[in-house]
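Chemist: Okay, here's the prediction I keep looking at, along with the sequence it came from:
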Amino acid sequence: MKNISRILAIASLVVIAVAANAQVKGRSFTYKAADAISQDFSGSGDMAMKVRTTIKVNPYLYIAGNLGAEWTVDGWGTGVDSKTESIKFFHNETLTLDLEGFANPAKTTGTKTGAQEVQLEGQLSFYNDQTGEGIFKMDMVPVAKLNDLFNPAGPNFEVKATGGLMRLDLGRKITISPQVGPGTYENVGVIKVIRN
């Protein structure tokens, strides 16, 4: 019986922790009454009562999607493959992105001969994910060019354009040449999200 109680207690903590990190669907409201009045003003003459309305809007940013891509390549010769992953930004403030560190994946393990990197290209497309309207799009370019595309000064993605739900389609294309030999090739780029 003690074990069942312990398991239920742990399960309830897990549910609470998951709920605390859950995405908010649309706007969420918490209300409380303030400035209560309960007083006899019979002998006070004319009264002036201040009726205050205060609204505090908290910042909100929830990101969902796949950031990484992992290919396994078999066989010989030349091959090309491309995939696109979507990243969604649920937000209520202007977002600016800054991309850094994107480069061709370099060999980290494997043979010392042959190619030491894999050719990688990247493509970015931004949408208002509620309407499907395109906000910004670029064609497939060598992945290092993504580092020059954005900077902390802009472009800015305002809530008016995104509707509070922006989708980034991140396309990646790899070209495997015959000299790309056995091993692991990797690059870790960084997408900084600046909230302003």
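Modeler: Here it is on my side, so go on. None of the values given here were measured: they were computed from a predicted structure.
Chemist: Every contact and neighbour count from this point should use C-alpha atoms.
Modeler: Fine.
Chemist: Pull out the buried positions in stretch 117-134.
Modeler: 117-129 (16 or more other Cα atoms under 10 Å).
Chemist: Now do the same contact list for the residue nearest to the spatial centre of the chain.
Modeler: Taking Cα atoms, centre = their mean, the centroid of the chain lies closest to residue 63, which sits 3.4 Å from it. Neighbouring residues of residue 63 by Cα atoms under 8 Å, 6 or more residues apart in numbering: 87, 88, 89, 90.
Chemist: What distance do you get for the first one to residue 166?
Modeler: Spelled out, it's residue 87. Using Cα to Cα, to the nearest Å, one gets 8 Å for the distance from residue 87 to residue 166.
Chemist: again with residue 114
Modeler: From residue 114 to residue 166 the distance is 41 Å (Cα to Cα).
Chemist: can you check residue 194 too?
Modeler: For residue 194 relative to residue 166 (Cα to Cα), the value is 14 Å.
Chemist: Which of these two has more residues huddled nearby?
Modeler: The residue with more neighbours, out of residue 194 and residue 166, is residue 166; 26 against 15, by other Cα atoms under 10 Å.
Chemist: Helices along this structure, start to end?
Modeler: 2-20, 146-149, 159-162 (DSSP state H).
Chemist: what's the burial count for residue 142?
Modeler: Neighbour number of residue 142 under other Cα under 10 Å is 17.
Chemist: residue contacts, it?
Modeler: Residue 142 is in contact with 119, 120, 121, 122, counting by Cα under 8 Å, 6+ apart.
Chemist: Recalculate using a threshold of 10 Å.
Modeler: By Cα atoms under 10 Å, 6 or more residues apart in numbering, the contact set of residue 142 is 102, 103, 104, 119, 120, 121, 122, 123, 172, 173.
Chemist: residue ranges with poor pLDDT in the chain?
Modeler: Along the chain, segments meeting pLDDT under 70 span 1-21.
Chemist: What segments of it are strands?
Modeler: Along the chain, counting by DSSP state E, strands occupy 61-65, 79-91, 95-100, 106-110, 119-128, 134-137, 141-142, 156-157, 165-176, 183-186, 190-195.
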